[in-house]
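Novice: Need the 3D shape of this:
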Amino acid sequence: MKSIILLGDGMADEPIGELGGKTPLEVADTPFMDTLASKGELGMARTVKPGFPPGSDVANMTVLGLDPGLYYTGRAPIEATSIGVTLKEDDTAFRINLVNLTMGEKGLCMGDYSAGHISTPEARELIKSIQELVKDYPGIAAYPGVEYRHLMVISGYDNPSLKATPPHDITGKEIGPYLPNDPLLQELMDRSREVLRDHPVNVRRREAGRKEATSIWPWGQGKGMKVPTLKAEYGITGSMISAVDLLKGLGILRGMEVINVPGATGWIDTDYSGKAAAAVASLATHDLVFVHVEAPDEAGHGGLVREKIRAIEDFDRKVVGHVLEAMEARGEPFRLLVLPDHPTPIAKKTHTSDPVPFVLYRSSSLKAGGHAFTEADARSSGLFIEEGHTLLARMLSGE
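Specialist: Sure, this is the predicted structure:
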């Protein structure tokens, strides 16, 4: 039986005054997810294990059936896998964002963790300059990624007490209290500001009235990671469809084929329908497909209510609806799991570790619950999965 996971990153939220005390999921028009919720197994799942940071790395590892307590070493090693960087035993990988820092009353503030969602071609020009910068530091290398998301590797790095804050956690805040507690990393950040200040890319963005990429921001550090493949654990093959390196890296670690969809951007302009079509097509050769859509999360980080609602509605219509109708047309039984990885509340502009709603729909075993796909309805169902990494096994076993 074919299995599909459709994940709307950060869809879950908290009641918002602007929406009359409702969440974006409650306000959004989501007929397809509501149909699944009314006929499938609706509940809540804890995707962020207690004691772990509520990041997309931990949460998506969990959705892919991996216990972070056994396998998690950090976010950056996963992204290193995605872009083909092999980490040696003494290597430490860091995610480096290209960020926009602005001057506040007391000092520099985090203006935008994504430098205005800088384009990949622009970002690659900037990272070339960062690569030249780190040549002054033996054992340090920088690698280009996608949009604002990039990688740095330091050989022989050893700082067990290092604290590095995700930049999307401090939007609008003064950066001083959140700088990494490491002189080397702070020096690299300071020098990056000098390199980027009048870079041709930033000059063009400045003249066009767009946010500049004014600094690198290292975080998500970790050592190399090894996990069992889906084939080894469940005897199945799978494919991963996502616009971001993190999910691609998790897919590679799980032994999945990574399918790159032209037009997949990680923002609300992403090619939702292209992802859905690629997912259905991949089931001709694979047992499971995972489709990840980043847009709701990005809107949550930006505190953009209407954009988040739009992203949820596009996800429902162009991804969930497309896949559901295509699978029903095949006339063969299938399993479909729909959920966010974590909440990204508009009011907080960052992730939380709260449980998330999920629906597990089995076409051969329909129910009649009358629920909608919302946080409140999922809580009221009474079903709660404490160990979120068991959801995958629950789906594949049919129990």
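
Novice: Convert the strand or helix carrying S273 to CSV, retaining C-alpha atoms only.
Specialist: Taking DSSP states H and E as the criterion, the element that holds S273 is helix 272-282. Below are the C-alpha coordinates for helix 272-282, written out as CSV (Å, rounded to 0.1, in the frame of the first residue of the first chain):
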residue,chain,number,x,y,z
TYR,A,272,2.7,23.8,-4.8
SER,A,273,1.1,22.0,-7.7
GLY,A,274,4.4,20.9,-9.1
LYS,A,275,5.3,19.4,-5.7
ALA,A,276,2.0,17.5,-5.6
ALA,A,277,2.4,16.2,-9.1
ALA,A,278,5.9,15.1,-8.5
ALA,A,279,4.7,13.3,-5.3
VAL,A,280,2.1,11.3,-7.1
ALA,A,281,4.5,10.4,-10.0
SER,A,282,7.1,9.2,-7.5
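
Novice: continuing past it, what's the next helix or strand?
Specialist: Sequence-wise, the next helix or strand beyond helix 272-282 is strand 288-293, with elements assigned using DSSP H and E.

Novice: State the mean pLDDT of that following strand.
Specialist: Throughout strand 288-293, pLDDT has a mean value of 98.

Novice: which parts of the helix or strand just after it are buried?
Specialist: Along the chain past strand 288-293, the next helix or strand (assigned with DSSP H and E) turns out to be helix 295-301. Residues A295, P296, D297, E298, A299, G300, H301 are the ones in helix 295-301 that count as buried (16 or more other Cβ atoms under 10 Å). (C-beta placed from N, C-alpha, C; glycine too.)

Novice: got those as a markdown table, with distance to K211 columns?
Specialist: Formatted as a markdown table, the entries for the buried residues of helix 295-301 read as follows, by distance: Cβ to Cβ, whole Å:
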| residue | distance to K211 |
| --- | --- |
| A295 | 19 |
| P296 | 21 |
| D297 | 19 |
| E298 | 14 |
| A299 | 17 |
| G300 | 19 |
| H301 | 14 |
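
Novice: and the helix holding S273, average pLDDT?
Specialist: Computed over helix 272-282, the mean pLDDT rounds to 95.

Novice: which helices and strands sit right next to that helix?
Specialist: Packed against helix 272-282, as judged by 3 or more Cβ pairs under 8 Å, 6 or more residues apart in numbering; DSSP states H and E, are the following elements: strand 238-241, strand 257-259, strand 288-293, helix 322-330.

Novice: just the strands in the stretch 101-250 of the chain please.
Specialist: For the stretch 101-250 of the chain, strands defined by DSSP state E, counting those that start in this stretch occupy the ranges 108-112, 140-146, 149-155, 215-222, 238-241.

Novice: closest to D90 out of the ones you listed?
Specialist: Nearest to D90, of all the strands of the stretch 101-250 of the chain, is strand 149-155, at 5.8 Å by Cβ to Cβ.

Novice: Now do the closest one and strand 215-222, the angle between them.
Specialist: Counting by axes from the mean of the first three to the mean of the last three Cα atoms, to 10 degrees, strand 149-155 points 60 degrees away from the direction of strand 215-222.

Novice: Please name the strands paired to strand 149-155 in the sheet, noting orientation.
Specialist: Sheet pairing of strand 149-155 (DSSP bridges) gives strand 91-103 (antiparallel), strand 140-146 (antiparallel).

Novice: how about those strands in JSON lines, adding mean pLDDT and distance to R379?
Specialist: Converted to JSON lines, the strands paired with strand 149-155 look like this (pLDDT from 0 to 100; distance: least, Cβ to Cβ, whole Å):
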{"stretch": "strand 91-103", "mean pLDDT": "97", "distance to R379": "33"}
{"stretch": "strand 140-146", "mean pLDDT": "96", "distance to R379": "35"}
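
Novice: Nearest to E14, out of those?
Specialist: Evaluated over the strands paired with strand 149-155, closeness to E14 peaks at strand 91-103, with 25.2 Å, by Cβ to Cβ.
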